[in-house]
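Enquirer: Build me a model:
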Amino acid sequence: MGRFLIVAVEQYSMSLSCVEDLLREVVNKTNEFLTRVDRFERGFQAEEKVGRYIFTLALLNYLLNRCKPFRVTRELDLISFNCDGRYLLIQTDSWESSWSDPEVGSKIRRNIFANTLFEYYMQATGKLPKSYGWTDEEKKILDQLSRINNIIIQGEIHTRPTELLYILDLIYKIMPIEVSVDNTHKFKDPTISISMNNSKPKVDDVTFMADITIPEANRTPPLEIPYHVTFYSSSEEIRETTYSGYEKYLWVGRKGACLVKDRLLDEFNKLMDLLNGAFTFALTYLLY
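Expert: Take a look at the predicted model:
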């Protein structure tokens with residue numbers, strides 16, 4: 001059924017205003033964060049774009065002090081945390097390949113800040129389980145949280161990370177969110193997916209995703225259909241989609257989005273507070 005996902009609505013409407021407001025706020029706050037990272041990067045321009053490595057390492061080290069880490073991979077390029085009962089996983093590009101890259105490696109090795117932060121990162125993760133698989137403690141928190149990825153930040157697929165961050169993917173899982181739109185339909189697992197531009201401090205697009213539960217006669221379990229709304233920053237186009245033949249349930253998605261908007265936005269703000277909290281730690285290196 002998934003291959004029949006179609007564009008159902010491509011215009012602004014009052015009924016779509018809750019989703020539009022949510023996505024615009026996500027775009028604005030993410031762009032504010034990326035602009036701060038860009039300014040930080042510019043502080044290291046004399047050292048040839050080492051700033052993104054320094055900030056990403058500062059972010060990871062800040063999280064190691066702020067949250068409880070579960071595990072890290074042997075290559076140190078994937079690490080997961082418990083942040084106040086929320087699950088945070090960060091996937092960076094390969095530190096080893098960057099340090100050995102003839103174009104940037106020597107610049108990083110010459111930079112005392114990058115090397116100091118990386119040494120701290122290695123020491124702070126030294127006693128963590130080294131694995132790509134979940135730990136038992138990690139499984140416990142994941143069992144309590146939403147079954148899908150609730151807030152995702154990623155760069156373009158199959159490319160190097162953004163010039164501003166050294167992060168390939170960020171996944172933030174929250175408590176399950178489910179609401180009844182009426183006595184028949186349920187709206188569940190709302191998700192925000194953010195795609196960043198790989199060369200500019202801005203978001204390319206943000207997608208709001210959720211599932212609509214539709215009880216149908218003689219069907220167990222009930223049918224679930226996807227509800228997606230994507231906001232494209234450059235054109236400010238908003239596009240609403242669902243399965244072909246199920247367009248009549250778009251009203252459920254719009255009403256459900258209004259019901260979950262504040263809770264989802266509150267979770268997004270908690271994530272942004274974590275990311276922005278790293279600046280104090282990072283700026284100490286810029287001002288050193």
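
Enquirer: Point out where the protein drops to low pLDDT.
Expert: 1-14, 45-49, 103-105, 154-163, 217-218, 285-288 (pLDDT under 70).

Enquirer: all strands for it, in order.
Expert: Along the chain, counting by DSSP state E, strands occupy 5-9, 68-72, 78-83, 86-92, 151-154, 167-173, 178-180, 186-196, 203-214, 223-232, 237-243.

Enquirer: Nearest approach to Ser131 belongs to which of those?
Expert: Closest to Ser131 of the strands of the chain, according to Cβ to Cβ: strand 68-72, at 5.3 Å. Backbone N, C-alpha and C define where each C-beta goes, glycine included.

Enquirer: Which residues does that closest one contact?
Expert: With Cβ atoms under 8 Å, 6 or more residues apart in numbering as the test, strand 68-72 has contacts from 63, 78-83, 125, 128-131, 134-135, 137-138.

Enquirer: Which PyMOL command selects the buried ones in the residues you listed?
Expert: Only the buried entries of the contacts of strand 68-72 go into this PyMOL selection, using 16 or more other Cβ atoms under 10 Å:
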select buried, resi 63+78+79+80+81+82+83+125+128+129+138
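
Enquirer: got TSV for the strands of the chain, with distance to Val252 too?
Expert: Output for the strands of the chain, formatted as TSV (distance: least, Cβ to Cβ, whole Å):
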stretch	distance to Val252
strand 5-9	13
strand 68-72	36
strand 78-83	32
strand 86-92	27
strand 151-154	22
strand 167-173	24
strand 178-180	10
strand 186-196	7
strand 203-214	5
strand 223-232	7
strand 237-243	10
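
Enquirer: Is Lys261 in contact with Arg24, as I believe?
Expert: No. Assessed by Cβ atoms under 8 Å, Lys261 is found out of contact with Arg24, at 11.6 Å.

Enquirer: which one of the strands of the chain lies closest to Leu274?
Expert: Among the strands of the chain, strand 78-83 sits nearest to Leu274 (Cβ to Cβ), with 6.1 Å.

Enquirer: what's in contact with that closest one?
Expert: For strand 78-83, using Cβ under 8 Å, 6+ apart, the contacting residues are 60, 63, 66-73, 87-92, 125, 128, 132, 138, 141, 274.
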